[in-house]
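Just to be clear, the model below is a prediction. Sequence and coordinates:
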Amino acid sequence: MKRALLLLMGLCALTGLTLLVHGRTTSEPVSVQETITGDWTAKVRQTEKEPVLWLSLSRNREKKERGWFQSSQDFPLREFSGLNPNANASVQFTLMREAGTIFFDGLFKDGKGVGDFRFTPNGNYVGAMRNLGYDGLATEKLFSLTLFDVSTKYINELKLLGYEKISVDKLIAMRIHRVDGEYIRRMQALGYKDLSADKLTAMRIHGVDEAFINEAAALGFRDLPIDKLLAMRIHKVDAEFITKAKALGFGEMTLDRLMAMRIHGIDEEYVKSVQAMGYQNVPFEKLLSMRIHGVDSKFVKEMREQGYANLSVDDLINLRIHGIDGSYVRRMRGNR
């Protein structure tokens with residue numbers, strides 16, 4: 001407790017979700033008598049939906065163990081029992097899940113807290129998981145299953161939807177990113193069936209949901225494969241970008257073209273810079289090649305200063321491909 005209290009002055013205001021685990025873990029079966037202890041810091045914050053508790057946990061390790069463990073995450077405040085974040089005094093509260101219980105002891109003042117925690121696994125859960133095919137769960141794994149609330153109900157729901165024999169690590173990842181039965185059924189209703197657990201998790205991470213799929217359809221991109229939807233989300237090919245891209249006048253904008261524009265930075269600013277160089281109505285493929293090979297206003301100016309004022313787009317691209325720039329021309333002239 002004394003060591004935990006020293007953390008109070010350095011209470012961090014960060015939010016979000018990080019999970020960092022380094023070092024040795026054991027694969028030996030857990031004993032329900034085993035526990036995990038450590039330090040915690042916390043801060044209450046208000047979201048649009050409800051108040052949450054940003055909670056950071058640092059695990060104690062024996063001297064013989066190497067590595068470091070820290071987990072930080074937002075939890076709905078309602079999930080904790082016995083917590084008064086405005087107590088301005090000593091507090092004791094719990095986070096109780098099917099997999100086990102985390103007991104917290106410490107101080108809370110003005111919505112900020114610090115203290116020690118102790119995790120105890122639930123023996124009944126260990127037995128139920130064994131019946132589901134998950135045998136030999138280590139205490140550290142049970143701690144993660146507790147923290148992210150991977151219940152047998154959740155696992156059975158996935159099984160009913162065809163997701164059997166999902167590894168514990170993937171179950172945890174799916175739970176963290178809210179891949180649940182409701183989300184899977186919504187995707188199936190849109191025609192996306194038999195998606196792998198990894199694909200579903202990637203979709204959740206990048207925000208490929210019902211709203212985004214419908215938005216893509218409204219823009220003319222219907223029945224896209226999941227990989228294309230993920231690429232759109234990753235490269236921020238959205239309604240705003242597509243509207244701006246079409247305004248540049250390249251005719252029918254296929255998804256591959258839009259993706260190339262985003263990846264290589266072909267935007268209004270670049271198109272105008274090309275026009276300012278004197279190159280009007282450059283076809284999209286050539287504009288893309290110019291961008292890829294670094295044909296910009298600086299390069300065109302260099303070549304014009306060396307007497308090459310009327311180079312075509314193809315000439316400029318070829319010069320760039322072969323490494324011929326103003327510096328190269330000057331060196332060659334100096335060798336005459």
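Sure thing, it's come through.

my read: residue 166 touches residue 158, true?
Yes - here residue 166 reaches residue 158: they are 6.4 Å apart, a contact under CB atoms under 8 Å. Where you see a C-beta, it was placed from the backbone N, CA and C, and this is true even at glycine.

Mind listing the shared neighbours of these two?
The contact sets of residue 166 and residue 158 overlap at residue 174 (CB atoms under 8 Å, 6 or more residues apart in numbering).

Looking at the two, which is more packed in?
residue 158 (21 against 18; other CB atoms under 10 Å).

Can you give me the pLDDT of the more buried one?
Here the pLDDT value assigned to residue 158 is 97.

Where does pLDDT dip in this protein?
By pLDDT under 70, the low-scoring segments of the chain are 1-33, 62-69, 335-336.

Look up the closest residue to the residue nearest the centre of it, ignoring the ones flanking it.
Nearest to the geometric centre of the chain sits residue 205, at 4.9 Å (CA atoms, centre = their mean). Nearest non-adjacent residue to residue 205, counting by CB to CB, 6 or more residues apart in numbering: residue 177, 5.6 Å away.

Check the burial of that neighbour by counting its neighbours.
Residue 177 is flanked by 18 other residues according to other CB under 10 Å.

measure residue 334 to residue 302 for me?
16 Å (CB to CB, to the nearest Å).

So for those two, which residue has more residues nearby?
Taking other CB under 10 Å, residue 334 and residue 302 do not tie; residue 302 has more neighbours (16 against 7).

mind listing what's buried in the helix or strand that contains the more buried one?
Assessed by DSSP states H and E, residue 302 sits inside helix 297-305. Residues of helix 297-305 classed as buried by neighbour count (16 or more other CB atoms under 10 Å): 299-300, 302-303.

nearest to residue 141, of the residues you listed?
Distance to residue 141, by CB to CB, is smallest for residue 299 among the buried residues of helix 297-305, at 56.0 Å.

nearest residue to residue 83 other than its sequence neighbours?
residue 93 (3.8 Å).

so that neighbour, which of the three states?
Secondary structure state of residue 93, per DSSP: H, G, I helix; E, B strand; the rest coil, is strand.

residues near it, how many?
Look at residue 93: counted by other CB under 10 Å, it has 21 neighbours.

Against residue 109, how distant is it?
Applying CB to CB to residue 93 and residue 109 gives a distance of 15 Å.

and if you look at residue 316?
66 Å.

The residue nearest to residue 205 and residue 204 touch, don't they?
Yes - here residue 177 reaches residue 204: they are 4.0 Å apart, a contact under CB under 8 Å.

Can you list the strands that the helix or strand containing residue 45 pairs with?
According to DSSP H and E, residue 45 maps onto strand 36-46. Paired with strand 36-46 in the same sheet, following DSSP bridges, are strand 51-59 (antiparallel), strand 112-121 (antiparallel).

I'd assumed residue 257 was in a strand, is it?
No - the assignment for residue 257 by three-state DSSP gives helix, which leaves it out of any strand.

Now do the same contact list for it.
Counting by CB under 8 Å, 6+ apart, residue 257 makes contact with 250, 284.

and residue 149, what does it touch?
So residue 149 contacts 97-99, 175 (CB under 8 Å, 6+ apart).

one more time with 6 Å, if that's ok
residue 97 (CB atoms under 6 Å, 6 or more residues apart in numbering).

Distance check, it against residue 76.
For residue 149, the distance to residue 76 - CB to CB - is 11 Å.

List phi and psi for the residue nearest to the centre of the chain.
Backbone torsions of residue 205, given as degrees, to the nearest 10, read phi -60, psi -40.

Mind checking which of residue 316 and residue 109 has more residues around it?
residue 316 (23 against 14).

List the buried residues in the strand or helix carrying that one.
Assigned by DSSP H and E, residue 316 falls within helix 313-321. If you call a residue buried by 16+ other CB under 10 Å, then helix 313-321 has these buried ones: 313, 316-317, 319-320.

go on, stretch 249-268?
Neighbour-count burial for stretch 249-268 [16+ other CB under 10 Å]: 250, 253, 255, 257-262, 266.

gap between the two ends of it?
11 Å (CA to CA, to the nearest Å).

What segments of the stretch 101-250 of the chain are helices?
Along the stretch 101-250 of the chain, counting by DSSP state H, counting those that start in this stretch, helices occupy 123-131, 139-147, 152-160, 168-176, 181-189, 197-206, 210-218, 226-234, 239-247.

which one of those helices lies closest to residue 293?
When those are compared by CB to CB, helix 239-247 sits nearest residue 293, at 21.0 Å.

Secondary structure element holding residue 311?
With DSSP H and E as criterion, residue 311 is part of no helix or strand.

can you tell me how far it sits from residue 290?
With the distance defined as CB to CB, residue 311 ends up 12 Å from residue 290.

More neighbours: which of those two?
residue 290 (25 against 17).

Surely that one is within a strand?
No - counting by three-state DSSP, residue 290 falls outside a strand, being helix.

how close does it get to residue 196?
For residue 290, the distance to residue 196 - CB to CB - is 39 Å.

Ok, residue 232 next?
Residue 232 is 19 Å from residue 196, by CB to CB.
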